[in-house]
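Novice: Quick check, what structure comes out for this input:
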Amino acid sequence: MPLKIVSDDITKLTVDAIVNAANENLAPGGGICGAIFQGAGMLLANDCQKVGHCDVGDAVITFAYKLPSKYVIHAVGPVWRGGSYNEPVLLSSAYAKSLELASVHNCKTVAFPLISSGIYGYPKDLAFHEAVTTIGNYLLNDENLEVFLSIYPPAVIGMEPDLKAELAAWLPLAHEAAAFSPKEPPDATIAQPTFKSTIQNLMRVHNFSIEELSRRANLAPEDLKPDAEGVPSSSLSKKVVLSIALALALDNLETQNLLAQAGYSLDPFDKTDQIVVFFHQKGISDVYLVSEALFANGQPFLNA
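Specialist: Numbers count the residues shown, from 1 in each chain. I've put the predicted structure just below:
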């Protein structure tokens, strides 16, 4: 199931579990942590007192009591101290441990805040990158979990700084990239492959089931509108086709061919298409990194 970005108060979300950006003592704090304790009521504080402690990079689970969710997962992220004190590893671990707890307790939906990005001082761009990367890697192997990352209040958050700077320098001239050059129409005398046959062959080459393809594309299986043979429909949105192309690690020309078979083309003045082409040129086909870059540039995730 996919990772989705939402701009909602996490305490109001009706999901199986919400994640609290907790402190090591599991005590009520400020910000999201304080709102969760207030919404859940005193029984949550009592449970946390009984547990007593949680290490940085780890997580524990309690019931959510008065909140709409069933569980609260308390994840302890690191305090930012410049990045040289193992902060990325500890933050990634906090997300991973939370996801493992959600799966162990048969949760189908879980919502995260941006852990450590408040009073703990973790730079939001780096925190967002770590969240998307860790959650994305986990979802590649868990077909049952749907994850929401709540950015609240709404904010445009960036990506990894070096890649962000490179993309920012490239975007103003993106429409001139050779990838957007007009292509010769196919020879009408030669039978052209259909979208279905192309996808079918690619899935066979990669040994992907519809479930595996959907996980790698950050989609739900039903988003692909599979037919009786388990092949995605050709009547998909352009963003879904782009997600499939990334999941299959297609290069720029292969992506253009697949889009054409579904009735689309790359637009040199469309920011989503520009960003996809940028990653093609870098040889990167990670749908989560591409979606992170889209979000950093004011565009929705590919699955939106």
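Novice: Give me the residue at the spatial middle of the protein.
Specialist: Among the residues of the chain, the smallest C-alpha distance to the mean C-alpha position (C-alpha atoms, centre = their mean) belongs to Leu3, namely 4.2 Å.
Novice: So what's the residue count around Leu259?
Specialist: Residue neighbour count, defined by other C-beta atoms under 10 Å, stands at 20 for Leu259. Every C-beta, even on glycine, is put in place using the N, C-alpha and C of the backbone.
Novice: picking that back up, surely the residue nearest to the centre of the chain and Leu149 touch.
Specialist: Yes. At 6.5 Å, Leu3 counts as touching Leu149 under the criterion of C-beta atoms under 8 Å.
Novice: what touches both of these two?
Specialist: In the contact map built from C-beta atoms under 8 Å, 6 or more residues apart in numbering, the residues linked to both Leu3 and Leu149 are Val132, Ile135.
Novice: just to revisit the earlier point, who are the contact partners of the residue nearest to the centre of the chain?
Specialist: With contacts taken as C-beta under 8 Å, 6+ apart, Leu3 has the following neighbours: Val132, Ile135, Gly136, Leu139, Val147, Phe148, Leu149, Asn218, Tyr288, Phe301, Asn303.
Novice: Please, where are all the strands along the stretch 51-200 of the chain?
Specialist: Along the stretch 51-200 of the chain, counting by DSSP state E, counting those that start in this stretch, strands occupy 59-63, 71-76, 109-112, 146-150.
Novice: neighbouring strands for the first one, and are they parallel or not?
Specialist: If you go by DSSP bridges, strand 59-63 pairs up with strand 71-76 (antiparallel).
Novice: Rounded mean pLDDT for the strand it pairs with, please.
Specialist: Over the span of strand 71-76, the pLDDT mean works out to 98.
Novice: got the CA positions of that strand in CSV?
Specialist: Once non-C-alpha atoms are left out, strand 71-76 reads as follows in CSV (Å, rounded to 0.1, in the frame of the first residue of the first chain):
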residue,chain,number,x,y,z
TYR,A,71,-3.1,2.7,19.1
VAL,A,72,-0.4,5.4,19.8
ILE,A,73,3.1,4.4,18.9
HIS,A,74,5.6,6.5,20.8
ALA,A,75,8.8,6.9,18.7
VAL,A,76,11.8,8.7,20.2
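Novice: show me what contacts the closest residue to Phe180 other than its chain neighbours?
Specialist: What sits nearest to Phe180 in space, not counting adjacent residues and going by C-beta to C-beta, 6 or more residues apart in numbering, is Pro268, at 3.7 Å. With contact taken as C-beta under 8 Å, 6+ apart, Pro268 is in contact with Ala174, His175, Glu176, Ala177, Phe180, Gln274.
Novice: Any chance of a ChimeraX selection covering the buried ones in those?
Specialist: The following ChimeraX command selects only the buried members of those, with burial defined by 16 or more other C-beta atoms under 10 Å:
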select :174,177,180,274
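Novice: With distance to Leu163 added, can I get the contacts of Pro268 in TSV?
Specialist: Supplementary listing: the contacts of Pro268 in TSV, determined by distance: C-beta to C-beta, whole Å:
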residue	distance to Leu163
Ala174	15
His175	20
Glu176	21
Ala177	17
Phe180	21
Gln274	15
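Novice: Which of the contacts of Pro268 fall within helices?
Specialist: Judged by DSSP state H, the subset of those located in helices is Gln274.
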